[in-house]
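Trainee: Build the 3D model from these lines:
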Amino acid sequence: MGSADFYPEERPVRWVAVAGFWIDARPVTIAEFRRFVRQTGYLTVAEQVPGSGCHPGSGPERLLPGSLVFRKTAGPADFREFGNWWRYLPGACWRRPDGPGSTVRGCDKHPVTHITYTDARAYADWAGKDLPTEAEWEYAARGGLDGAVYAWGDDFAPGGQHLANTWHGAFPWQNLALDGYERTSPVASFPANGYGLYDMTGNVWEWTKDYYRPGRHADPDHELPCCAPNRSLAVGHEGARAPAEVPRRVIKGGSYLCAPSSCLRYRPAARHGAADDTSSGHVGFRCVLRLPS
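Mentor: Have a look, this model is predicted:
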């Protein structure tokens, strides 16, 4: 696991053993999540009113159901200010990914987004499965290629072929969509890895069940919030800080918003932390099934 060649939080490179497991070949889709909601009546975190206790300093006008939505900027922006391109939008959720008036019609095969860790766990429990650990996820993503930079080898675009849905151009204002997609892509739009798994690279970040710890080589100032902004900061008043008690989980795989200049994390070794209470338009999940212990 890990890499010594990119971000500090990926270090050190180490050997890890995992027991046998099955993992979904694709991220959970909108159609699959809709089936879960219809059968259970489940309401995602983004569809619930945020609790004032979790967002100190926020007035009632800010405590509205919603989620984080990406908006391209008009030009180059300061990477230290995620508010330049992330907006907490009331009404945004898995059904309305761009807020009121938007729809997921025609997107049944796209990965579901605007899902918190709690939502992902609820779906996994309903399906009789679990969320992967970080080690399980990374093992699966590598597809048998130990030490390779990407899930398919060391060349990002072998022979000029794009093998994942990522950002092409200058983030956060110019996306050339050289891979054919500016937003999420239908699952399995790109070739599978060596284990027959799709979208382990790009498209959407995926939740794991492990708590996020940056690692002994990480520099907190190095972690740019473009990847996983915290809902508490977006909902809170200007200058607010996220409550320390909100845990963070490891997310893996990168997304369609990851660009080499800002977030070269569409690699099996790459990792980031996302707050449990946070949903956004570029985070989804897949499930695992393990042998009974």
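
Trainee: Can you tell me the SS state at Val178?
Mentor: For residue 178 the amino acid is Leu, not Val. Per DSSP: H, G, I helix; E, B strand; the rest coil, the local secondary structure of Leu178 is coil.

Trainee: For it, grab the count of nearby residues.
Mentor: Number of residues near Leu178 (other CB atoms under 10 Å) recorded here: 13. For the C-beta atoms, the positions are set from N, CA and C on the backbone; glycine is no exception.

Trainee: Tell me the spacing between the closest residue to it other than its chain neighbours and Pro97.
Mentor: Counting by CB to CB, 6 or more residues apart in numbering, His168 is the residue found nearest to Leu178 once chain neighbours are left out, at 4.2 Å. Distance of His168 to Pro97, computed by CB to CB, to the nearest Å: 21 Å.

Trainee: And those two? Which one has more around it.
Mentor: The neighbour count for His168 versus Pro97, taken as other CB under 10 Å, is higher for Pro97 (26 against 19).

Trainee: Quick check: the nearest residue to the more buried one once chain neighbours are set aside vs Val45, distance?
Mentor: Counting by CB to CB, 6+ apart, the nearest residue to Pro97 once its immediate chain neighbours are dropped is Gly281, at 5.5 Å. Applying CB to CB, one obtains 14 Å for the distance of Gly281 from Val45.

Trainee: One more: Asp146?
Mentor: 37 Å.

Trainee: picking that back up, if I read this right, the residue nearest to Pro97 contacts Ala92, doesn't it?
Mentor: Yes. When contacts are counted by CB atoms under 8 Å, Gly281 is listed as touching Ala92 (7.5 Å).

Trainee: Name the residues contacting each of those two.
Mentor: Between them, Gly281 and Ala92 share the neighbouring residues Ser67, Leu68, Val69, Asp98, His114, with contact defined by CB atoms under 8 Å, 6 or more residues apart in numbering.

Trainee: What values do phi and psi take at the second one?
Mentor: Backbone dihedrals for Leu68, given as degrees, to the nearest 10, come out at phi -90, psi 130.

Trainee: was I right about it contacting Tyr88?
Mentor: Yes. Contact between Leu68 and Tyr88 holds when scored by CB under 8 Å: they sit 5.7 Å apart.

Trainee: Pick out whichever of the two has more residues nearby.
Mentor: Taking Leu68 and Tyr88 together and counting by other CB under 10 Å, Leu68 has the greater number of neighbours (25 against 22).

Trainee: And the more buried one, how far from Gly91?
Mentor: 12 Å.

Trainee: Find residues that contact each of these two.
Mentor: None of the residues lies in contact with both Leu68 and Gly91 under the rule CB under 8 Å, 6+ apart.

Trainee: Tell me which two of the shared contacts of Gly281 and Ala92 sit farthest apart.
Mentor: Taking every pair in the shared contacts of Gly281 and Ala92 and measuring CB to CB, the maximum separation is 11.5 Å, between Leu68 and Asp98.

Trainee: which neighbours do these two share?
Mentor: Contact with both Leu68 and Asp98 is made by residues Leu89, Ala92, Gly281, according to CB under 8 Å, 6+ apart.

Trainee: Which members of the shared contacts of Gly281 and Ala92 are classed as buried?
Mentor: Among those, those scoring as buried are Ser67, Leu68, Val69, Asp98, His114 (criterion: 16 or more other CB atoms under 10 Å).

Trainee: what's near enough to touch the residue nearest to Leu178?
Mentor: With contacts defined as CB under 8 Å, 6+ apart, His168 is in contact with Asn175, Leu176, Ala177, Leu178, Asp179, Ala259.

Trainee: elements contacting the longest strand seen in the chain?
Mentor: Under DSSP state E, the strand in the chain containing the largest number of residues is strand 205-211. Packing contacts for strand 205-211, counted by 3 or more CB pairs under 8 Å, 6 or more residues apart in numbering; DSSP states H and E, involve helix 117-126, helix 134-142, strand 248-252, strand 272-275, strand 283-284.

Trainee: Pairing partners for it, with directions?
Mentor: strand 248-252 (antiparallel), strand 283-284 (parallel) (DSSP bridges).

Trainee: In the chain, which residue is most central in space?
Mentor: Nearest to the mean C-alpha position of the chain, counting by CA atoms, centre = their mean, stands Trp205 at 2.4 Å.

Trainee: Could you report the separation of that residue from Gly147?
Mentor: Using CB to CB, which is the criterion applied here, Trp205 is 23 Å from Gly147.

Trainee: Work out the gap between stretch 2-22 and the centre of the chain.
Mentor: For stretch 2-22, the distance between its averaged C-alpha position and the chain's averaged C-alpha position is 18 Å (CA atoms, centre = their mean, to the nearest Å).
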